[in-house]
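Undergrad: quick one, what's the 3D model for this:
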Amino acid sequence: MKKIILSTFLITVLFSCKKEAEKTEDNTVSADSISDAVAPEPVSSVAKLQSLSPAQTSDYLQTKNDTLYVTNFFATWCGPCVREIPHFKEKIEELKGQPVKITFISLDSKEVWDSEVPQFVDQHGIRNNTILLDGSQLDGNFFQNNFDKWDGGAIPFTYMRKGEKTDEYLGMMTSELLNSKIDSFLK
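TA: Model prediction:
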């Protein structure tokens, strides 16, 4: 009887370990696909917007290579954020084909991720460049570990990185200021 119970127990443990290994492999695939999540390919207007966790966002912000990453934190309800979007869109078109990645990170609440945010990004033509981030999950450590100047207290906020060089700007970007900051990275 003990052998049967012991055998059953061992089979259960082995089966559970196999399931855990499969879960881990699935999670690894998800984690490895972060590059896809952060650099989405053009999608149809009915595709769901991608979201990142604070940890994935930190990884994205710390990417160090020869690409210039321009990351604009915004919300659909933020007037200055809305007014600066056309300047970023112009740069997206102007720099197409160059090693520049402009991304909008929406800090809108999760309650509007499937309603207001998709409508907004479609209206403004920035769906393919927008990622969702649940701002309620951000804490002081997120800001302290990723930024020198921004504490999350106001938006819009723009963060630029190319290799080790970074730039942070809190407030609405004018076209001239955005051009100047991007040009300083591309020279």
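Undergrad: tell me the pLDDT of the residue nearest to residue 102 when sequence neighbours are not counted.
TA: Of all residues not flanking residue 102 in the chain, residue 70 sits nearest, at 4.5 Å (CB to CB, 6 or more residues apart in numbering). From N, CA and C alone the C-beta is placed, and that goes for glycine too. We note a pLDDT of 98 for residue 70 in this prediction.
Undergrad: quick one: pLDDT of residue 187?
TA: Each residue has a pLDDT score; the one for residue 187 is 84.
Undergrad: ok, now which ones touch it?
TA: Applying CB atoms under 8 Å, 6 or more residues apart in numbering to residue 187 gives no contacts.
Undergrad: ok, now how distant is it from residue 162?
TA: Residue 187 sits 11 Å away from residue 162, going by CB to CB, to the nearest Å.
Undergrad: returning to that earlier point: adjacent strands (with direction) for the one helix or strand the residue nearest to residue 102 maps to?
TA: For residue 70, the host element (DSSP states H and E) is strand 68-74. Using DSSP bridges, the strands paired with strand 68-74 in its sheet are strand 100-106 (parallel), strand 157-162 (antiparallel).
Undergrad: which elements pack onto the helix or strand following that strand?
TA: The helix or strand immediately downstream of strand 68-74 is helix 79-94, counting by DSSP H and E. Helices and strands touching helix 79-94, by 3 or more CB pairs under 8 Å, 6 or more residues apart in numbering; DSSP states H and E, are strand 68-74, strand 100-106, helix 116-124, helix 175-186.
Undergrad: what about the ones you listed, which gets the closest to residue 140?
TA: Nearest of the helices and strands packed on helix 79-94 to residue 140, taken as CB to CB: strand 68-74 at 15.9 Å.
Undergrad: got the angle for that closest one vs helix 79-94?
TA: Relative orientation of strand 68-74 versus helix 79-94 (axes from the mean of the first three to the mean of the last three CA atoms, to 10 degrees): 150 degrees.
Undergrad: now do strand 68-74 against helix 175-186, angle only.
TA: Using the same axes, to 10 degrees: strand 68-74 against helix 175-186 is 150 degrees.
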